[in-house]
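[1] The following block contains a protein sequence and its predicted model.
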Amino acid sequence: MPKHFPHAAPTPPPSAAGPPHIRITLDDGSRGPLVLTPKNGGFLGEFVVWNDGPGPLTVSRVTTRGDEDDPRLPPRVTARFADGGGGSSVILAHSSKRVRVTWIPDREPKLHEAVGHIVLTSNDEAAGEVAMGFVSPLEGPLSFITAHLLTWLLALPLLVALIALAMHLVGYKEEERLRGILLGVTALQCILAILLYEGFSGIVTRVDGNDGFQFIERVVVLRSMGVEYFVGVDGLNVSLVLLTAILGFAGAIASYGIKGVLPATTVSSRSCSPVRSGCSFPSTSASSSRSGSSCSGSLWARSGRGASWSRSAKKVAVYAGLSALLLALAVSALYLHSDPPISRRHRVDHTFAIPELMRVAYNAKHLSLLGFSWVKMVWVLLFLAFAILAPVVPLHGWFVDVIGDLPAP
């Protein structure tokens, strides 16, 4: 009596006029990511697997990306063919099948959002493994705000900075109106930061999925280069975001009575720094935020009075440019030696995605440059980039000039 193996791939029909060609899309033909929708106490979504080739396509495995040693997702996320084929199936030439992705959170889940990939392995040798990204966003009242708190914290101060710049360029002199906008935005930021802090779960760790990040927002910006918009906070940085929002509000109150200063960019630098560094370089967020606001204050103080740039303002421009250059060199080096994404179909050899860069074993590559360890040189570039803005001795000379140029209340 023959034995049956439920997880074995079905035998494809004989005769193949040519190789198969796998393609995965959403229902509207886009490349993803798949957004899971709430249903029956869980989250559900489907995407389509196409076989555009003349031969039968054997999909031998459909699974989530990650394992016990590398937990990328919360528990109880599954992916199966919707027609009952389980994790494997055969798709005939020029036809398609659907894959259903399901997430059923625990009754008291640690994470309320999931971001990850579904990986498909097939006999399309040209494609290799392909993957469909998916996201289960935060749900609830006012989700257009609560699910995008980090983006709001980034966008609001940048908007005020653009308004201040436009006012300066057109010669608008009503500083009091800008001060009112500044004070209102920093107060709103405090409210958003409190919502973020209250909604953050302090018991989540990396092994629980999502790399330990919460309030994740991830959007592909330039697929051909692996560039994406990715923000999120972990246990350390959620406190820094709240602290920075409070300091920004206090700074707006303190500067309200100072005449001849347009301090809008102070809010921008204070707010953006901890949110951005929550995904990459958390240890530098508090110090770079403080010094960034002082730099902005110096530049705007001179501009607001209509004077030419002072020596300290020129120093700020030089040091900030140097810091940006060092950071760009370090990130580019990490990008150029990163591992390729899952799918070779996209012809992308590297990625900027921070969760992927975190997993690259750079030391195992034994890279060197001019006889020095490549890893140590990149670390030095990152350290110097943030030490300049921190400011850290002996790179703090510009900071004294900035403080001396700032007007006193």
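    Arrived safely. Numbering: from 1, shown residues only.

[2] Could you list every helix and strand that the helix or strand hosting Tyr319 packs against?
    Tyr319 is part of helix 311-336 when elements are defined by DSSP states H and E. Under the contact criterion of 3 or more Cβ pairs under 8 Å, 6 or more residues apart in numbering; DSSP states H and E, helix 311-336 touches helix 285-304, helix 374-389, helix 397-405. For glycine as for every other residue, the C-beta is placed from the backbone atoms N, C-alpha and C.

[3] Least reliable of the ones you listed by average pLDDT, please.
    Here the lowest mean pLDDT among the helices and strands packed on helix 311-336 goes to helix 285-304, at a mean of 39.

[4] For the protein, give me the ranges with low pLDDT.
    Low-confidence regions of the chain, defined by pLDDT under 70, span residues 1-17, 140, 226, 257-310, 341-348, 405-409.

[5] buried ones in the helix holding Tyr319?
    By 16 or more other Cβ atoms under 10 Å, the buried positions in helix 311-336 come out as 312-313, 315-316, 319-320, 323, 326-327, 330-331, 333-335.

[6] same thing with stretch 135-153?
    Val135, Ser136, Pro137, Leu138, Thr146, Ala147, His148, Leu149, Leu150, Thr151, Trp152, Leu153.

[7] farthest-separated two in the buried residues of helix 311-336?
    Spatially, the most separated pair among the buried residues of helix 311-336 is Ser312 and Tyr335, at 34.1 Å (Cβ to Cβ).

[8] For whichever helix or strand Leu153 is part of, which helices and strands make contact with it?
    Assigned by DSSP H and E, Leu153 belongs to helix 149-170. On a contact count with 3+ Cβ pairs under 8 Å, 6+ apart, helix 149-170 meets helix 175-199, strand 214-222, strand 227-233, helix 237-254, helix 264-277, helix 285-304.

[9] So the chain: which segments form each domain?
    Split into domains by automatic domain parsing, the chain comes to 22-136, 143-405.

[10] next one: the first one to chain centre, how far?
    Just to be clear, that refers to domain 22-136. Centroid displacement of domain 22-136 relative to its chain, using Cα atoms, centre = their mean, to the nearest Å, is 22 Å.

[11] likewise stretch 318-336?
    In terms of Cα atoms, centre = their mean, the centre of stretch 318-336 is set 18 Å apart from its chain centre.

[12] Same question for stretch 132-143.
    Taking Cα atoms, centre = their mean, one finds the center of stretch 132-143 at 15 Å from the center of the full chain.

[13] residues in contact with it?
    24, 32-36, 38, 43, 45, 47, 99, 101, 103, 112-118, 120, 146-147, 215-216, 218 (Cβ atoms under 8 Å, 6 or more residues apart in numbering).

[14] what about that stretch, how long is it end to end?
    End-to-end span of stretch 132-143 (Cα to Cα, to the nearest Å): 24 Å.

[15] before we move on, back to that, out of the contacts of stretch 132-143, which are inside helices?
    Thr146 (DSSP state H).

[16] now the contacts of stretch 132-143: which count as buried?
    Using 16+ other Cβ under 10 Å as the burial test, those include 24, 32-34, 36, 43, 45, 47, 99, 101, 103, 112-118, 120, 146-147, 215-216, 218 as buried.

[17] now, which of those lie within strands?
    24, 34, 43, 45, 47, 99, 101, 103, 114-118, 120, 215-216, 218 (DSSP state E).

[18] give the contact list for the nearest residue to Gly202 once chain neighbours are set aside.
    Excluding its sequence neighbours, the residue lying closest to Gly202 (Cβ to Cβ, 6 or more residues apart in numbering) is Gly235, at 6.2 Å. Contact analysis of Gly235 by Cβ under 8 Å, 6+ apart lists Phe200, Gly202, Val204, Gly212.

[19] In ChimeraX, select just the buried ones from the residues you listed.
    A single ChimeraX command selects the buried members of these (16+ other Cβ under 10 Å):
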select :200,204,212
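
[20] I'd like to know which of the buried residues of helix 311-336 is nearest to Ser89.
    So of the buried residues of helix 311-336, ranked by how close each gets to Ser89 (Cβ to Cβ), first place is Tyr335, at 36.3 Å.

[21] Thr351 is in contact with that closest one, correct?
    Yes - Tyr335 is within contact range of Thr351, at 7.2 Å (criterion: Cβ atoms under 8 Å).

[22] give the contact list for the closest residue to Val219 other than its chain neighbours.
    Once flanking residues are discounted, Val219 sits nearest to Tyr229: 4.5 Å by Cβ to Cβ, 6+ apart. With contacts defined as Cβ under 8 Å, 6+ apart, Tyr229 is in contact with Glu217, Arg218, Val219, Val221.

[23] what's the spacing between Tyr229 and Leu247?
    Applying Cβ to Cβ, to the nearest Å, the value for Tyr229 to Leu247 is 25 Å.
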